[in-house]
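Undergrad: Structure for the following, please:
(one chain, ligands or ions: 1)
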Amino acid sequence: MSPGKFITFEGGEGTGKSTQVTALAERLQASGRTVLQTREPGGTPQAEQIRNLLVSGETDRWSPQAEALLNYAARDSHILHSIRPALARGDWVISDRYMDSTRAYQGHAGGVSADLITELEHQIVGNVMPDLTFVMDIAPEAGLARAAERMTEIPAQESKEDRFEAKGLAFHTSLRQAFLDIARDNSDRCVVVDASISIEQVSEIVWREVVSRLAP
Ligand code: TMP
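TA: Model prediction:
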């Protein structure tokens, strides 16, 4: 759609996505690129307010359908006020989660109709499609253990963000399969990365893919 490049990181809980987003942003900046590092739900003040509604509180606070609509309200703001302008300037945008998270969490794992998700993608994402998506894959038991460990290390404000972790192993097992299915169905833009290996090894795999596919 524009001169910039758009890279997303996807996956379940505790896959080390956020660490990799930061590592890639730093490496691209070091190579002279202007980078917007962002996340979903979030990325604008309005979308961050919606994030607070989504990630904290009782597990059954929202139906999966309401979650899909709230995530898309946040995404609409993120695309209009942050992602699209950055890509138009020629910047590199790296987002910790994007459209595939709604398809996996609310669609496959949450039971929201694929037709509704597809329609939201058409209407709101449109041509603001990632050039490259890393799907970070790990066994849900290991991912949930890592996410629980992280909760003890971060400030109290963020440790309230446990609504999705609390959904149980069956949900997270179906989530893993959902992301693998999405990667298989979109093999032109998705790369599955084994997230159980070391942070440094994952960073090298990510960098090699970025260099060979997008030539920064
Ligand atoms: P994070 O923990 O990776 O920051 O993501 C916040 C939570 O929001 C995470 O549990 C996944 C969930 N989520 C959805 O359920 N649907 C979405 O569309 C997005 C972007 C996130």
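Undergrad: Could you list the buried residues of the helix or strand containing residue 71?
TA: In this assignment (DSSP states H and E), residue 71 forms part of helix 64-78. Neighbour-count burial for helix 64-78 flags 67, 68, 69, 70, 71, 72, 73, 74, 75, 76, 77, 78 (criterion: 16 or more other C-beta atoms under 10 Å). (Glycine included, C-beta is placed from N, CA and C.)
Undergrad: quick one: which of these is nearest residue 39?
TA: When these are ranked by distance to residue 39 (C-beta to C-beta), residue 78 comes first, at 9.0 Å.
Undergrad: follow-up on the earlier one: between the buried residues of helix 64-78, which is nearest the ligand?
TA: residue 71 (3.7 Å; C-beta to the nearest ligand atom).
Undergrad: Distance check, the residue nearest to the closest one when sequence neighbours are not counted against the ligand.
TA: Of all residues beyond its chain neighbours, the one nearest residue 71 is residue 102 (5.0 Å), with distances taken as C-beta to C-beta, 6 or more residues apart in numbering. From residue 102 over to the ligand the distance is 4 Å, taken as C-beta to the nearest ligand atom, to the nearest Å.
Undergrad: for residue 102, what are its contacts?
TA: Contacts for residue 102 (C-beta atoms under 8 Å, 6 or more residues apart in numbering) come out as 68, 71, 72, 75, 117, 120.
Undergrad: Show the pLDDT at the residue positioned nearest the centre of the chain.
TA: Centroid-nearest residue in the chain: residue 97, 1.1 Å away (criterion: C-alpha atoms, centre = their mean). Per-residue confidence at residue 97 stands at 98 (pLDDT).
Undergrad: Any regions of this protein where pLDDT drops low?
TA: Segments of the chain classed as low confidence (criterion: pLDDT under 70) are 1-2, 154-159.
Undergrad: And the residue nearest to the centre of the chain, how far from residue 204?
TA: 22 Å (C-beta to C-beta, to the nearest Å).
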